[in-house]
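[1] just coords:
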């Protein structure tokens, strides 16, 4: 085979991988799945993961647990499938709907947005309206409108028309924000990067390790109901009883709104992030050093960050089974917990590289040393 042909084949292989990852990210971002209503995301992930896994099962909260490997330490790699959303609370006589928010929304992110209600007859499009500027008094024009003052408008004239669309109280609601490659750049815009980007990291890492040896049992875990209290991680960790835990999350960046330098240090395009602190967990220091050494050995850029007001599944893994060394790795993303987030492709690829590198080195002795607190 000639060198020219080999180069051509390499380009085709790289192109196919690029297209595969974009397709995975788009499918996961576009899928609806607020806390407690994760069925479409779970079905999508099952189809992606099952061909790569030794086994696939679900716990009582609906979290997906797939395995690769049958011997060695038990490594739990976690991402969560749910996204911020809402659910229908009530239908008014004039055909408007109120919404119970699910997860940590800012009120200013809710006004004049498009939404999708998953009703019994299929998706129904809606908008949260806004009071017209022509009638708002001057003293109210800079006011943030409370979520309790907002209504979903589906175009109906009365309650009967709403119900005819297949909508009833308790139906899930998600942002209407389709995936898009942002103007031909390596940045992708979409909803739910927290934490569909983590789910995509797991899928891609599983693809790489399906044909490569590793010295451990990997429990690839995609949890439910993270956004309402890390609930799925609690039950999944109880079921798995891991020796070590790695959570993969969508992070936050400080490269757009720079007024408060201490809020976050990460930047888009700067590589994967490790949290040295967040409001829910302090990572194991030996495991943190292992992550940093692994990144350095393979020349993978690693951003260090400490963030208040952030919780993640590693906190529940850490507290399970008498204590589990855990860490949170992140793909940085702008504008999380809103309709339109932005992630960077290089950050994603480097996070997969780092995770695979770590898993190839986490053998029995390495895990035992990380777990050893003997003075």
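    Looks like it arrived, so ask away. On a predicted model such as this, the values are computed, not experimentally measured, just so you know.

[2] OK, contacts around residue 196?
    Residues in contact with residue 196 (Cβ atoms under 8 Å, 6 or more residues apart in numbering) are 25, 28, 29, 31, 41, 81, 83, 190, 250. In short, each C-beta sits where N, CA and C put it, glycine included.

[3] of those residues, buried ones?
    25, 28, 29, 31, 41, 81, 83, 190, 250 (16 or more other Cβ atoms under 10 Å).

[4] so which of those residues comes closest to residue 59?
    Closest approach between these and residue 59, by Cβ to Cβ: residue 81, at 12.8 Å.

[5] surely that closest one and residue 224 touch.
    Yes. Using Cβ atoms under 8 Å, residue 81 is in contact with residue 224, at 6.3 Å.

[6] hey, what's in contact with both of these two?
    Common contacts of residue 81 and residue 224 (Cβ under 8 Å, 6+ apart): 38, 42.

[7] where does the stretch 1-150 of the chain have low pLDDT?
    Within the stretch 1-150 of the chain, the ranges that satisfy pLDDT under 70 run 1-18.

[8] what are the ranges of the helices in it?
    Per DSSP state H, counting those that start in this stretch, the stretch 1-150 of the chain carries helices over the ranges 3-30, 39-49.

[9] remind me which helix or strand the residue nearest to the spatial centre of the chain belongs to.
    The residue lying closest to the centre of the chain (Cα atoms, centre = their mean) is residue 195, at 0.4 Å. Using DSSP states H and E, the element containing residue 195 is helix 193-209.

[10] how far off centre is that helix?
    9 Å (Cα atoms, centre = their mean, to the nearest Å).

[11] skipping its backbone neighbours, what lies nearest the residue nearest to the centre of the chain in space?
    Residue nearest to residue 195 in three dimensions, not counting chain neighbours: residue 80, with 4.7 Å by Cβ to Cβ, 6 or more residues apart in numbering.

[12] the one you found pairs with what?
    Beta-bridge pairing for residue 80 (DSSP bridges): residue 223.

[13] state the mean pLDDT of the helix holding residue 195.
    The pLDDT scores in helix 193-209 average 97.

[14] roughly how far does residue 92 sit from residue 136?
    Between residue 92 and residue 136 the computed distance is 22 Å (Cβ to Cβ, to the nearest Å).

[15] name the helix or strand for residue 336, please.
    Residue 336 belongs to no helix or strand when elements are defined using DSSP H and E.

[16] ok, back up a step: between the buried ones among the contacts of residue 196, which sits nearest residue 73?
    Within these, proximity to residue 73 (Cβ to Cβ) peaks at residue 81, which comes in at 25.1 Å.

[17] what comes up buried for stretch 23-40?
    Those would be 24-38, 40, for stretch 23-40 by 16+ other Cβ under 10 Å.

[18] list of residues touching stretch 280-287?
    230, 244, 274-276, 310-312, 314-315, 318, 325-328, 369-370.

[19] quick one: buried residues of it?
    280, 281, 283, 284, 287.

[20] just give me the closest of the buried ones among the contacts of residue 196 to residue 347.
    Nearest member of the buried ones among the contacts of residue 196 to residue 347, counting by Cβ to Cβ, is residue 250, at 10.3 Å.

[21] show me what contacts the closest one?
    Contact partners of residue 250, counting by Cβ under 8 Å, 6+ apart, are 193, 194, 195, 196, 197, 198, 330, 331, 333, 336, 341, 343.

[22] circling back to that earlier point, narrow the contacts of stretch 280-287 to those that are buried.
    Buried, going by 16+ other Cβ under 10 Å: 230, 244, 274-276, 310-312, 314-315, 318, 325-328, 370, out of these.

[23] go through those and name the one nearest residue 112.
    Nearest to residue 112 among these is residue 310, at 27.0 Å by Cβ to Cβ.

[24] surely the closest one and residue 252 touch.
    Yes. The pair residue 310 / residue 252 is scored as a contact, 7.3 Å apart, by Cβ under 8 Å.

[25] OK, contacts around residue 307?
    Shown in contact with residue 307 (Cβ under 8 Å, 6+ apart): 252, 263, 264, 275, 277, 278, 279.

[26] where's residue 188, which helix or strand?
    Assigned by DSSP H and E, residue 188 belongs to strand 187-190.

[27] counting by contacts, list what that strand packs against.
    Helices and strands touching strand 187-190, by 3 or more Cβ pairs under 8 Å, 6 or more residues apart in numbering; DSSP states H and E, are helix 3-30, strand 180-181, strand 341-344.

[28] adjacent strands (with direction) for the shortest one?
    The sheet places strand 180-181 alongside strand 187-190 (antiparallel), with pairing taken from DSSP bridges.

[29] and the contacts of the strand it pairs with?
    Outside strand 187-190, the residues that touch it by Cβ under 8 Å, 6+ apart are 22, 25-26, 29-30, 177-182, 196, 268, 340-345.

[30] need the buried ones from these selected in ChimeraX.
    With 16+ other Cβ under 10 Å as the criterion, this ChimeraX line picks the buried residues out of those:
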select :25,26,29,30,177,179,196,268,340,341,342,343,344,345
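
[31] and residue 305, which of the three is it?
    Put simply, residue 305 is strand when judged by DSSP: H, G, I helix; E, B strand; the rest coil.

[32] for it, what are its contacts?
    By Cβ under 8 Å, 6+ apart, the residues touching residue 305 are 251, 264, 265, 266, 273, 274, 275, 276, 330.

[33] quick one: the third one from residue 307, how far?
    This points to residue 265. Distance of residue 265 to residue 307, given as Cβ to Cβ: 9 Å.
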